[in-house]
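K.L.:
Quick one: sequence and predicted model below, then my questions.
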Amino acid sequence: MLKDILSKVENALDPTVKPISGYDAAFLYSDSPKSPMHIAGLTIIEGSIDFEGFKHNIATKLHQVPKFRQRLVNVPMNLGYPYWADDPNFDLDLHIQRIKLPDPADWETLRDLTASITSTPLDLRRPLWSMTFIEGLNNVSQVPEGSVALFSKVHHVMIDGMSGMGIMGILLSFDPSDKPDMDAQPRAYKPDPLPNELTLLAKSGVDFLKDPLKIPRVAGRTLVKVAQSQMSKRMQVKSDIPKSAGAPKTIFNQSISPRRTWGTALLSLDRIKALKKAMDATVNDVILAICAGGIRKYLVEKDKLPGQSLIANVPISIRKEKDGEMKNKISNMLIPIATQIEDPIERLEAIQEHTSRGKVRHKAMGAKTLAKLADAVPFGLANLAAGVYSRYNLNEYHRPPFNVTITNVPGPQFPLYMNGHKILSIFALTPVVDGLGLIIAVLSYNGQVSITATSDAKTMPDADQFARYIRESANELEAIILKREKQKEVKKKAKPKSDPFFTALRKRFKAKKKWEKKFIGTYQITVNGCTEEIHHQINVTEKSATVKKGVTKNPKATLIIDDEYLYRVHKKELRLEEAQIQGRIKMEGGARNTKYLIQLLS
């Protein structure tokens, strides 16, 4: 009865005004001038494109992403989470900026410029996005002179990585002939009026009254899920992470500064897939190992490498294919990335083991459990907690839950175009917060993988150096894996020199139809000096004698000989009797049986 009444009241209120989720609110309340919570993307476009055509393309497609013309409105006295509402004052020109890349117009200049742009928070009073059109990329390596870059910022409360690719898909095209129709007119924008304070209070009250027991119920379910997860862990192999220790303190886990830094490494997806195949791993395992190697090199250079493995937070999008709604649907795994291990292969194998355990624990916990708990947290409390944590530097008083976030977003593996111009590369920059000053965003596109580290001037002033260590880590891992694979291949291909001896022996045995009783039995020949020991069995019966590879139990006699010496025996350059006297061979078994074996082979 009460629910029916509340539903009618809710329908009577503005149905177009939707609240943000508790999970999204966590991003909103973490936003500060020192730590803006937007995701940024740098897109390099081949050649020069017309700015007016670019802006017109956005204007005619913006209706496909309604949230790009919506802003947040707050409930009075923060008695509820903010709501999305149409912005009646929306102006496209306030969200798009056009600038020229300063001289010398190279990669370093572009990186510094975009670092400065991403350091500036978005205006929370407007739709939470912006784009900067950067012209004049004249001296950027492997980019044609006069090319253009697009730097976009979207607040994390709006979107996550996988749906972010969906938005870029609206602006981009896979058809190079797809160019904006300059005669097409943007669809008329007819915003709904902003809700008044009474409407917001009423909607917030209705949301609470519809389910007043949500907090204790969700908390109870979460505790059950946690208990089930803990039981699942105990039934598995014990983890080598001390349960009470958490992650070690590192230079990445201090208070951050407002100025962002970033660096990136471009790798070939085919190279990564080759390493994945050689190691029977996943692409994600290989990427984690490459990042771990770069992190280890950076901390060793700073003399700041802890003895305990760093722990990475690995976000997982839990959005299903059919989900088109732009909401954050992310879960997380905490993975030790074996930074205490020097050998790259051993490090990758340790990461493989940890990720397989993490997936089991992730399923046991349930991907949506924590998101439900976030929705149930009282609104004002979440806001207050986020502010207090940052204001009083509480991160300085405890060990971090993890040291670094490494997020992997698979993109399209075919070329994209904007206004008929090919997209050369895409890089993702992500927000950092106090206590977690390093995030690595991995984005694959058209056969390339960009591994981009976002940090701040205090935590990592030399982000370009870190990017070099990522490249070195990838090259080192690849070199060791390929060397190991080559050695395996050599072992497969290398034929012992003594093979012709056994071919001739089989032919001689086949020609003889009857054997004396003294020879009857099984013998063993072990050939050394090859890539690996090779064992041959000789089985003599009254009517036949056979030779085959393998080890026999309790042979009458055994001959152990080097491959080179047996080859010389075959070429009649050495007799077995002479080799025995000279100590070049080893015989096992009684004197009579060893004598019979030499007679069989001579």
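P.N.:
All right, it came through fine. The structure displayed is predicted, hence computed values, not measured ones. Residues are numbered from 1 along each chain as shown.
K.L.:
beta partners of residue 427?
P.N.:
With DSSP bridges applied, residue 427 shows beta-bridge pairing to residue 42.
K.L.:
Can you report how many residues neighbour it?
P.N.:
24 (other C-beta atoms under 10 Å). From N, CA and C alone the C-beta is placed, and that goes for glycine too.
K.L.:
Please determine how far it is located from residue 31.
P.N.:
Residue 427 sits at a distance of 22 Å from residue 31 (criterion: C-beta to C-beta, to the nearest Å).
K.L.:
Next: residue 293.
P.N.:
With distances taken as C-beta to C-beta, residue 293 is found 33 Å from residue 31.
K.L.:
Keeping just the C-alphas, turn the helix or strand containing residue 288 into PDB.
P.N.:
Element membership of residue 288 [criterion: DSSP states H and E] is helix 283-301. Taking Å, rounded to 0.1, in the frame of the first residue of the first chain, the C-alpha atoms of helix 283-301 are listed here in PDB:
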ATOM      1  CA  VAL A 283      47.100 -10.800 -22.400                       C
ATOM      2  CA  ASN A 284      46.200  -9.200 -19.000                       C
ATOM      3  CA  ASP A 285      48.900 -11.400 -17.200                       C
ATOM      4  CA  VAL A 286      51.600 -10.300 -19.700                       C
ATOM      5  CA  ILE A 287      50.600  -6.600 -19.400                       C
ATOM      6  CA  LEU A 288      50.600  -6.800 -15.600                       C
ATOM      7  CA  ALA A 289      54.100  -8.400 -15.800                       C
ATOM      8  CA  ILE A 290      55.300  -5.600 -18.100                       C
ATOM      9  CA  CYS A 291      54.000  -3.000 -15.700                       C
ATOM     10  CA  ALA A 292      55.400  -4.800 -12.700                       C
ATOM     11  CA  GLY A 293      58.800  -4.800 -14.400                       C
ATOM     12  CA  GLY A 294      58.600  -1.100 -15.100                       C
ATOM     13  CA  ILE A 295      57.600  -0.300 -11.500                       C
ATOM     14  CA  ARG A 296      60.400  -2.500 -10.100                       C
ATOM     15  CA  LYS A 297      63.000  -0.700 -12.300                       C
ATOM     16  CA  TYR A 298      61.700   2.700 -11.300                       C
ATOM     17  CA  LEU A 299      61.700   1.900  -7.500                       C
ATOM     18  CA  VAL A 300      65.200   0.300  -7.800                       C
ATOM     19  CA  GLU A 301      66.500   3.400  -9.400                       C
END
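K.L.:
Show me how far it is from its chain's centre.
P.N.:
On the basis of C-alpha atoms, centre = their mean, to the nearest Å, helix 283-301 sits 11 Å off its chain's mean C-alpha point.
K.L.:
just the strands in the stretch 1-150 of the chain please.
P.N.:
Counting by DSSP state E, counting those that start in this stretch, the stretch 1-150 of the chain has strands at residues 18-19, 38-45, 70-73, 83-86, 96-100, 129-137, 147-155.
K.L.:
Where is the longest helix in this protein?
P.N.:
Determined from DSSP state H, the single longest helix within the chain is helix 463-493.
K.L.:
Give me the buried positions along the helix holding residue 288.
P.N.:
Residues of helix 283-301 classed as buried by neighbour count (16 or more other C-beta atoms under 10 Å): 283-299.
K.L.:
separation between the residue of the chain most remote from its centre and residue 540?
P.N.:
In terms of distance from the mean C-alpha position of the chain, residue 516 ranks first, at 68.8 Å (C-alpha atoms, centre = their mean). According to C-beta to C-beta, residue 516 and residue 540 sit 9 Å apart.
K.L.:
all strands of the stretch 501-602 of the chain, in order?
P.N.:
Taking DSSP E, counting those that start in this stretch as the test, the strands found in the stretch 501-602 of the chain are 521-528, 534-540, 545-549, 557-562, 585-589.
K.L.:
and the last one with strand 557-562, angle?
P.N.:
The reference is to strand 585-589. Between the axes of strand 585-589 and strand 557-562, defined by axes from the mean of the first three to the mean of the last three C-alpha atoms, to 10 degrees, the angle is 160 degrees.
K.L.:
who's in contact with strand 585-589?
P.N.:
The contact list for strand 585-589, computed with C-beta atoms under 8 Å, 6 or more residues apart in numbering, reads 555-562, 565, 576, 579-580, 594, 597-598.
K.L.:
so which of these comes closest to residue 444?
P.N.:
Nearest to residue 444 among these is residue 562, at 50.9 Å by C-beta to C-beta.
K.L.:
Tell me the bridge partners for that closest one.
P.N.:
residue 528.
K.L.:
That one reaches residue 528, doesn't it?
P.N.:
Yes: with contact defined as C-beta atoms under 8 Å, residue 562 counts as touching residue 528 (5.2 Å).
K.L.:
can you tell me the helix or strand for residue 356?
P.N.:
Per DSSP H and E: helix 344-365 holds residue 356.
K.L.:
model confidence over that helix, on average?
P.N.:
Taken as a whole, helix 344-365 has an average pLDDT of 74.
K.L.:
Can you give me every residue that contacts residue 189?
P.N.:
Counted by C-beta under 8 Å, 6+ apart, residue 189 has contacts 63, 69, 90.
K.L.:
Over to residue 541?
P.N.:
Neighbour list for residue 541: 515, 520 [criterion: C-beta under 8 Å, 6+ apart].
K.L.:
Please state the backbone phi and psi of it?
P.N.:
Main-chain torsions, residue 541, degrees, to the nearest 10: phi -120, psi -180.
K.L.:
gap between it and residue 532?
P.N.:
Distance of residue 541 to residue 532, given as C-beta to C-beta: 30 Å.
K.L.:
likewise residue 284?
P.N.:
Relative to residue 532, and taking C-beta to C-beta, residue 284 is found at 34 Å.
K.L.:
same thing with residue 443?
P.N.:
Taking C-beta to C-beta, one finds residue 443 at 43 Å from residue 532.
K.L.:
One more: residue 518?
P.N.:
In this view, residue 518 and residue 532 are 33 Å apart by C-beta to C-beta.
K.L.:
re the thing from before, will you turn the strands of the stretch 1-150 of the chain into TSV that also has mean pLDDT and distance to residue 460?
P.N.:
Below are these laid out as TSV (pLDDT from 0 to 100; distance: least, C-beta to C-beta, whole Å):
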stretch	mean pLDDT	distance to residue 460
strand 18-19	79	36
strand 38-45	94	17
strand 70-73	90	31
strand 83-86	89	35
strand 96-100	96	26
strand 129-137	95	23
strand 147-155	94	20
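K.L.:
so where's the stretch 1-150 of the chain uncertain?
P.N.:
Residues of the stretch 1-150 of the chain that meet the criterion pLDDT under 70 lie in 1-16, 78-79.
K.L.:
redo that, cut-off 50
P.N.:
Residues of the stretch 1-150 of the chain that meet the criterion pLDDT under 50 lie in 1-2, 5-6, 8-9, 12.
K.L.:
and if you look at the stretch 251-400 of the chain?
P.N.:
In the predicted model of the stretch 251-400 of the chain, residues 321, 323-324, 326, 328, 360-389, 392 satisfy pLDDT under 50.
K.L.:
all helices of it, in order?
P.N.:
269-279, 283-301, 344-365, 369-376, 379-391 (DSSP state H, counting those that start in this stretch).
K.L.:
Among residue 443 and residue 532, which residue is more densely surrounded?
P.N.:
Neighbour comparison, residue 443 and residue 532: the larger count goes to residue 443, with 23 against 9 (by other C-beta under 10 Å).
K.L.:
could I get the helix or strand harbouring that one in PDB with only the CA atoms?
P.N.:
Taking DSSP H and E as the criterion, residue 443 maps to strand 439-445. Taking Å, rounded to 0.1, in the frame of the first residue of the first chain, the C-alpha atoms of strand 439-445 are listed here in PDB:
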ATOM      1  CA  ILE A 439      47.400   4.800 -12.100                       C
ATOM      2  CA  ILE A 440      48.400   2.900 -15.300                       C
ATOM      3  CA  ALA A 441      45.800   2.800 -18.000                       C
ATOM      4  CA  VAL A 442      46.300   0.300 -20.800                       C
ATOM      5  CA  LEU A 443      44.400   0.800 -24.000                       C
ATOM      6  CA  SER A 444      44.600  -1.300 -27.100                       C
ATOM      7  CA  TYR A 445      43.700   0.100 -30.600                       C
END
